[in-house]
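**Student:** quick one: sequence and predicted model below, then my questions.
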Amino acid sequence: MIKVGSKAPDFALKDQNGKTVKLSGLAGKKVLLSFRPLAWTPVCHDQMRSLEENHAEFDELNAVALGIGVDSVPSNKAWAEAMGVKNTKLLSDFWPHGAVAKAYGILRENDGFSERANIVIGEKGKVVFAQTYPIAQQPDTEEILEVLRAKEGGRR
């Protein structure tokens with residue numbers, strides 16, 4: 001897994017609406033990369049809904065939460081609509097398959113999907129928090145909000 005203090009690798013992925021999101025285009029903001037294994041599964045659903053439910057607080061903290069998984073753009077679009085996710089961008093790390101997850105050191109190559117992980121990138125483009133979670137465990141959004149409330153530097 002990528003180490004805290006490392007420069008975050010840039011990427012460009014399409015969101016559920018087919019719009020390209022570049023990490024470098026979010027410079028000056030804190031960014032949460034919330035990796036999930038697969039769409040249409042209960043824990044991943046709860047993880048992405050939690051990002052959506054806390055969208056206003058992320059905004060207040062000058063932060064953007066991005067959900068990332070290996071599913072295709074059309075799958076992410078249908079899934080977002082089914083969950084009522086309107087503000088949170090669900091990014092497709094579909095092709096090259098899992099390339100962003102691999103760049104961040106969390107691709108489970110034998111499974112074909114990423115670890116469940118949260119990676120926070122500070123306003124200066126460095127990783128300030130990186131944590132994996134058991135596949136069956138929803139990450140604690142409050143933990144991430146605490147990291148975002150802290151000054152640049154984070155923890156872990």
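**Tutor:** Cool, the structure landed.
**Student:** any weak-confidence spans in the chain?
**Tutor:** 151-156 (pLDDT under 70).
**Student:** okay, strands next: where are they in it?
**Tutor:** Here the chain has its strands, by DSSP state E, at 12-14, 20-22, 30-35, 63-69, 89-92, 107-108, 113-114, 116-121, 127-133.
**Student:** just to check, Thr88 is in contact with Met48?
**Tutor:** Yes. With contacts defined as CB atoms under 8 Å, Thr88 counts as touching Met48 at a distance of 6.5 Å. C-beta: built from backbone N, CA, C; applies to glycine.
**Student:** now do the helices in this structure.
**Tutor:** Along the chain, the segments classed as helices by DSSP state H run 42-53, 55-60, 73-83, 99-103, 141-149.
**Student:** format these as TSV; extra columns: distance to Val4.
**Tutor:** Below are the helices of the chain laid out as TSV (distance: least, CB to CB, whole Å):
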stretch	distance to Val4
helix 42-53	21
helix 55-60	20
helix 73-83	28
helix 99-103	16
helix 141-149	11
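**Student:** which one of those helices lies nearest to Gly125?
**Tutor:** Distance to Gly125, taken as CB to CB, is lowest for helix 99-103 among the helices of the chain, at 14.0 Å.
**Student:** buried residues of that closest one, list them for me.
**Tutor:** Neighbour counts over helix 99-103 (16 or more other CB atoms under 10 Å) mark 99-101 as buried.
**Student:** check stretch 76-92 too.
**Tutor:** For stretch 76-92, by 16+ other CB under 10 Å, it's 76-77, 79-80, 83, 85, 88-92.
**Student:** try stretch 59-73
**Tutor:** The neighbour-count criterion (16+ other CB under 10 Å) identifies 61, 63-71, 73 as the buried residues of stretch 59-73.
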